[in-house]
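Enquirer: Sequence unavailable; structure follows:
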């Protein structure tokens, strides 16, 4: 398919419609809905609506403005998301602090591999990117290298299972070889066509080439402001010049102008062509911390085939129905496999109390087998748990001990207590967790249940 920069108006309308269909297909192959899908679709619909207005003669624009619509960047996002597994979100906004302590936000185009991979999709031409990097862009332009510094800083503050997300910059209109080398030196993975630099007219400024931002104004730039509400799509193209930063707003004829062209980037001479890998290696945490809900779920009769009952208690009947539809134990076993297993004293103590009160013979036997596999450790909540979380209806002391100890162990806490996880996140503490469906102890209640 031709690059959007050379497409006709009718072709652009067709591509926008096709991208909307591809977003739906993308979500259908994921295990759950992709966060930000509605936002991406909203942007695509706004683009399509704008192009259809141009086609109908309701909007008069220059051809150069048509070439610099948002379609290039949106298409790059869709293609990036299609290239990776475990896409968790698109156009996700992360908050972080700059090295000088200022609050910043960063938009990650695609978050994949269940959070372990961040992708920035870049549709701008290699010539424009290279000259901005040399400090010869328009006022307010921020080089890709400066943006890479922002991504690295933000990723250090957003660990996933105690590892920083891996960052990929995907170039859909090429990247110059020197820029690609600089990004890889910084620890950024590069995807796309790496093209040659044939003629250097001016020696680039050393400070800029090393990736320094040239002004305070540039340091505060956020690449792509998210669409907060789908109702905004009608306003998306009120101004002729409103385009995303990554879109190609430099015409080919401008690139041949000596006043503009300082470095000749030859996109026909491909030095290296890098596609997305079929498998992306991620650092997986090899420690698991089991909370009370996980201990109960693991030994429950429901999880061991005794789910064909209608119980007197509605919640148990619902859990039995869920278990018949989707077994929970295989998922727990898969996650626990090969990991060092922990539980804190508070979790084990309260689990035993519940087991003694409600557990049946089979459940109690399975509990002893499970506890023998665990390393029981003293309660030792992390500093951020004790200093930043405030007790509330969803945040109780027992949960602080369990999740905080897992945090100190640098272990992923297995839990069905999603309410605590959300409440803690709302207070600014995000834990590394594996969330599963709950199952209660039911063996002692089967005698009065109705077999199905």
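Expert: It's in. Worth saying up front: this structure is predicted, and the values here are computed from it rather than measured. Numbers count the residues shown, from 1 in each chain.

Enquirer: What number of residues are in the vicinity of residue 110?
Expert: The criterion is other C-beta atoms under 10 Å. On that basis, residue 110 has 30 neighbouring residues. C-beta: built from backbone N, CA, C; applies to glycine.

Enquirer: Excluding chain neighbours, what is closest to it?
Expert: Counting by C-beta to C-beta, 6 or more residues apart in numbering, residue 119 is the residue found nearest to residue 110 once chain neighbours are left out, at 4.0 Å.

Enquirer: Pick out the residue nearest the middle of this structure.
Expert: By C-alpha atoms, centre = their mean, the chain has its centre lying nearest to residue 111, at 2.5 Å.

Enquirer: Quick check: it vs residue 153, distance?
Expert: Residue 111 sits 17 Å away from residue 153, going by C-beta to C-beta, to the nearest Å.

Enquirer: next one: residue 353
Expert: When C-beta to C-beta is applied, the distance between residue 353 and residue 153 equals 46 Å.

Enquirer: what's the helix or strand for residue 78?
Expert: Residue 78 is located in helix 71-83, with elements delineated by DSSP states H and E.

Enquirer: What helices and strands are in contact with that helix?
Expert: helix 9-28, helix 37-55, strand 89-97, strand 103-112, strand 117-122, strand 166-176 (3 or more C-beta pairs under 8 Å, 6 or more residues apart in numbering; DSSP states H and E).

Enquirer: any chance you could map the strands in this protein?
Expert: Per DSSP state E, the chain has strands spanning 89-97, 103-112, 117-122, 166-176, 189-200, 263-274, 287-290, 309-310, 340-344, 375-377, 412-415, 433-435, 450-451. These are given in chain order.

Enquirer: right, and those - which one's nearest residue 55?
Expert: Across these, residue 55 has its closest neighbour in strand 166-176 (24.8 Å, C-beta to C-beta).

Enquirer: Specify the angle between the closest one and strand 103-112 in degrees.
Expert: 90 degrees (axes from the mean of the first three to the mean of the last three C-alpha atoms, to 10 degrees).

Enquirer: buried ones in strand 166-176?
Expert: If you call a residue buried by 16 or more other C-beta atoms under 10 Å, then strand 166-176 has these buried ones: 166-176.

Enquirer: out of these, who's nearest residue 345?
Expert: Proximity to residue 345 was ranked across the buried residues of strand 166-176 by C-beta to C-beta; first place goes to residue 166, at 35.8 Å.

Enquirer: Setting aside sequence neighbours, what's the nearest residue to the closest one?
Expert: In space, and not counting its chain neighbours, residue 166 is closest to residue 117: 5.1 Å by C-beta to C-beta, 6+ apart.

Enquirer: The one you found and residue 85 touch, don't they?
Expert: No. Contact between residue 117 and residue 85 fails when scored by C-beta atoms under 8 Å: they sit 9.4 Å apart.

Enquirer: Those two: which is more packed in?
Expert: residue 117 (24 against 14).

Enquirer: what does the model give that one for pLDDT?
Expert: Here, the pLDDT recorded for residue 117 equals 92.

Enquirer: Bridge partners for it, pull those for me.
Expert: The bridge-partner assignment for residue 117, based on DSSP bridges, gives residue 112, residue 166.

Enquirer: re earlier: neighbour count for residue 353 and residue 153, which is higher?
Expert: Neighbours of residue 353 and residue 153, each counted by other C-beta under 10 Å, are more numerous for residue 153; the result is 15 against 11.

Enquirer: Once you drop chain neighbours, what's closest to that one?
Expert: Excluding its sequence neighbours, the residue lying closest to residue 153 (C-beta to C-beta, 6+ apart) is residue 96, at 6.3 Å.

Enquirer: Number of residues surrounding that neighbour?
Expert: For residue 96, the neighbour count with other C-beta under 10 Å is 17.

Enquirer: Return the residues in contact with it.
Expert: With contact taken as C-beta atoms under 8 Å, 6 or more residues apart in numbering, residue 96 is in contact with 104-106, 153-154, 157-158.

Enquirer: and which of these is nearest residue 424?
Expert: Taking C-beta to C-beta as the measure, residue 158 is the one of these closest to residue 424, at 15.4 Å.

Enquirer: thought that closest one was touching residue 92?
Expert: No. Between residue 158 and residue 92 there is no contact, the gap being 10.0 Å when judged by C-beta under 8 Å.

Enquirer: how close does residue 335 get to residue 411?
Expert: Note on residue 335: its distance to residue 411, by C-beta to C-beta, is 12 Å.

Enquirer: These two: who's more crowded?
Expert: Just comparing residue 335 and residue 411: by other C-beta under 10 Å the higher neighbour count belongs to residue 411, 23 against 15.

Enquirer: Need phi/psi at that one.
Expert: Residue 411 has phi and psi values of phi -110, psi 160 when expressed as degrees, to the nearest 10.

Enquirer: Okay, domains of the chain per the record?
Expert: The chain breaks down by automatic domain parsing into domains covering 4-274, 287-451.

Enquirer: Which of these has the lowest mean pLDDT?
Expert: Across the domains of the chain, the stretch with the lowest average pLDDT is domain 4-274; it has a mean of 74.

Enquirer: follow-up on the earlier one: including distance to residue 362, could the contacts of residue 96 go into a markdown table?
Expert: As requested, these are arranged in a markdown table below (distance: C-beta to C-beta, whole Å):
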| residue | distance to residue 362 |
| --- | --- |
| 104 | 54 |
| 105 | 51 |
| 106 | 50 |
| 153 | 52 |
| 154 | 49 |
| 157 | 46 |
| 158 | 42 |
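
Enquirer: Which of the residues you listed are buried, as a ChimeraX select command?
Expert: Those of those that meet the burial criterion (16+ other C-beta under 10 Å) are gathered into one ChimeraX selection, given here:
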select :104,106,154,158
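
Enquirer: ok, back up a step: common neighbours of residue 335 and residue 411, please.
Expert: Overlap between the contact sets of residue 335 and residue 411, as judged by C-beta under 8 Å, 6+ apart, is given by residue 288.

Enquirer: tell me the contacts of residue 403?
Expert: With contacts defined as C-beta under 8 Å, 6+ apart, the neighbours of residue 403 are 291, 381, 385, 413, 415, 420-421, 424, 431, 433.

Enquirer: before we move on, back to that, quick check: bridge partners of the residue nearest to residue 153?
Expert: Here residue 96 sits in beta bridges with residue 104, going by DSSP bridges.
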